[in-house]
Structures are given as structure tokens and as C-alpha cells.
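Colleague: no FASTA, just this:
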Ligand code: SF4
Ligand code: SF4
């Protein structure tokens, strides 16, 4: 499971990295990257992001 990032919206603030209980998110030179092996699709980061740049992958 994983989330995807809308790179046009993401501010690269790094806030979502800190709220993920699975430590699945990383802020890289390419933007936010989600480790699909760690992500449980809990939605916490999606709800947290102030600019709605994250969404759950179907
Ligand atoms: S919280 Fe939102 S804007 Fe900030 S780095 Fe994460 S996806 Fe980007
Ligand atoms: S959906 Fe949950 S587990 Fe997946 S990256 Fe976001 S906060 Fe982490």
C-alpha cells in the first residue's frame, strides 16, 4: 500500500514525514517518496497535509 504525491501541490515542508506512524515517508530530492512495504494506507498523512498533496493509491 502507498500514497502518491501531487508534486505540483507539495511544498516539501516535510511535515507528513513526521506524522507517519510507520515511518514510510521520506523527503528526497525528488519530493516525498512512500515506501509501499511500510505504508498501511492509514490516511494520517493524507489528512495532515495542509495543501492536500497526498492521496491514497487505489
Ligand atoms: S505535508 Fe504535504 S506539502 Fe508538506 S511535504 Fe508532505 S505532501 Fe508535501
Ligand atoms: S497512509 Fe499512513 S502509513 Fe501510509 S504513508 Fe501515510 S501516514 Fe504513513
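Modeller: Happy to help now that I have it. Since this is a predicted model, take the numbers as computed values, not measurements. Ligands and ions are numbered 1, 2, ... in the order given.
Colleague: From now on I want contacts and neighbour counts done on CA atoms only, so please keep to that.
Modeller: Will do.
Colleague: Let me know the secondary structure of residue 51.
Modeller: Three states are possible here, and by DSSP: H, G, I helix; E, B strand; the rest coil the one that applies to residue 51 is coil.
Colleague: how near is it to residue 12?
Modeller: For residue 51, the distance to residue 12 equals 11 Å [Cα to Cα, to the nearest Å].
Colleague: One more: residue 27?
Modeller: 7 Å.
Colleague: What ranges does this protein have for its strands?
Modeller: 3-5, 25-28, 31-34, 54-56 (DSSP state E).
Colleague: Make TSV from these and add distance to ligand 2 to it.
Modeller: Listed next are the strands of the chain as TSV, based on distance: least, Cα to the nearest ligand atom, whole Å:
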stretch	distance to ligand 2
strand 3-5	6
strand 25-28	5
strand 31-34	6
strand 54-56	7
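Colleague: interface residues of this protein facing ligand 2?
Modeller: 2-3, 20-22, 24-25, 34, 39-45 (Cα under 6 Å from any ligand atom).
Colleague: just to revisit the earlier point, settle it for me: which of residue 51 and residue 12 has more neighbours?
Modeller: Neighbours were tallied for residue 51 and for residue 12 using other Cα atoms under 10 Å; the higher tally belongs to residue 12 (15 against 12).
Colleague: can you list the residues of the chain near ligand 1?
Modeller: Of all the residues in the chain, those lying near ligand 1 are 10-16, 49-51, 53-54, going by Cα under 6 Å from any ligand atom.
Colleague: how does it look with 8 Å?
Modeller: With Cα under 8 Å from any ligand atom as the criterion, the chain meets ligand 1 at residues 5-7, 9-17, 27, 31-32, 45-46, 48-54.
Colleague: okay but residue 19 is in contact with residue 43, surely?
Modeller: No. With contact defined as Cα atoms under 8 Å, residue 19 does not reach residue 43; the gap is 10.4 Å.
Colleague: Now tabulate the strands of the chain in a markdown table and tack on mean neighbour count.
Modeller: A markdown table is the format used below for the strands of the chain (neighbours: other Cα atoms under 10 Å):
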| stretch | mean neighbour count |
| --- | --- |
| strand 3-5 | 19 |
| strand 25-28 | 16 |
| strand 31-34 | 19 |
| strand 54-56 | 18 |
